[in-house]
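Participant: here is a sequence together with a model predicted from it:
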Amino acid sequence: MRLLLLEDDDILGEALKDYLQAEGHTVDWFTRLADAQAVGNEPFDALLIDWQLPDGSGLEWLARLRRNHVTTPALVLTARDLLSQRIEGLDSGADDYLVKPFDPAELAARIRSVRRRTSAQGRPRLCFGSVEVDVNMATAYLDGKPVELTAREWSLLDALVNRAGRIVAKRDLESLLTGLDGDISSNALEVHVFKLRRKLGQGIIETVRGRGYRIGAAA
């Protein structure tokens, strides 16, 4: 998953970024609200938002996103632990609310929980012809047998499955795989698509000329 992390504490932000990247996520970390707002059109799978930032309120930004019909799952990370504050956070559009200090392992588990509730129309297992994808276990099956995928191949498949039936632009796929600081060329992306097709079948990923890629609608 590609995550936007908005956290102004350098020590905590670095620790969370390192932990989540070790979990296999792509993380774009920002310490200021303005910087996160500047990439608002980038494709993210989840938002991790500190309530109070040096230049504004992360919670108010989330509320604006919801008013603009942005449905990306969001978790609020904050030291504010009063019941009224938790209610305010959830009512502002948060899918979950985590009080500092917390263990990064708990955050990772809550991200998985939000993913189960919100991705792929709420179905953890999806079928595309003879291919079955288990988003919770990060595993793909061909004719019932597990297929060994590299981390990059799984990230590509996961990004497409999470947008099943939709065309995903090449640039967006590149961003989902590497984040803002990453570097992956269109040729490299095409190589990963080729490898996925070789492992899962030619029909698993459709090339939409001039627009991007699409995985078939789930059965």
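Facilitator: Arrived safely, thanks for sending.

Participant: all helices of the protein, in order?
Facilitator: 10-22, 33-38, 58-67, 83-91, 104-118, 151-161, 170-178, 186-200 (DSSP state H).

Participant: domain parsing for the protein?
Facilitator: 2-119, 123-215 (automatic domain parsing).

Participant: export the helices of the chain to TSV and tack on mean neighbour count, mean pLDDT and distance to residue 213?
Facilitator: Every C-beta, even on glycine, is put in place using the N, C-alpha and C of the backbone. Output for the helices of the chain, formatted as TSV (neighbours: other Cβ atoms under 10 Å; pLDDT from 0 to 100; distance: least, Cβ to Cβ, whole Å):
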stretch	mean neighbour count	mean pLDDT	distance to residue 213
helix 10-22	15	93	24
helix 33-38	16	91	27
helix 58-67	18	94	26
helix 83-91	14	94	35
helix 104-118	16	87	21
helix 151-161	21	87	7
helix 170-178	19	81	7
helix 186-200	15	87	6
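
Participant: using JSON lines, lay out those helices together with distance to residue 211.
Facilitator: Shown next, in JSON lines, are the helices of the chain (distance: least, Cβ to Cβ, whole Å):
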{"stretch": "helix 10-22", "distance to residue 211": "30"}
{"stretch": "helix 33-38", "distance to residue 211": "25"}
{"stretch": "helix 58-67", "distance to residue 211": "26"}
{"stretch": "helix 83-91", "distance to residue 211": "37"}
{"stretch": "helix 104-118", "distance to residue 211": "25"}
{"stretch": "helix 151-161", "distance to residue 211": "14"}
{"stretch": "helix 170-178", "distance to residue 211": "8"}
{"stretch": "helix 186-200", "distance to residue 211": "13"}
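
Participant: nearest to residue 3 among those helices would be which one?
Facilitator: Minimum separation from residue 3 across the helices of the chain (Cβ to Cβ) falls at helix 10-22, 6.2 Å.

Participant: what lies in contact with that closest one?
Facilitator: For helix 10-22, the external contacting residues (Cβ atoms under 8 Å, 6 or more residues apart in numbering) are 3, 5, 7, 27, 29, 31, 48, 100, 104-105, 107-108, 111.

Participant: and the two most separated of those?
Facilitator: The largest separation in the contacts of helix 10-22, counting by Cβ to Cβ, is between 31 and 105 at 23.0 Å.

Participant: on that earlier part again, quick one, which of the helices of the chain gets closest to residue 207.
Facilitator: Of all the helices of the chain, helix 186-200 sits nearest to residue 207, with 7.7 Å by Cβ to Cβ.

Participant: run through who's touching the closest one.
Facilitator: Helix 186-200 has contacts (Cβ under 8 Å, 6+ apart) with 131, 140, 142, 147-150, 152-153, 156-157, 170, 173-174, 177, 204-205, 207, 213.

Participant: what's the burial count for the residue lying closest to residue 113 once chain neighbours are set aside?
Facilitator: Leaving out its chain neighbours, the residue that sits closest to residue 113 by Cβ to Cβ, 6 or more residues apart in numbering is residue 96, at 7.3 Å. Residue 96 is flanked by 19 other residues according to other Cβ atoms under 10 Å.
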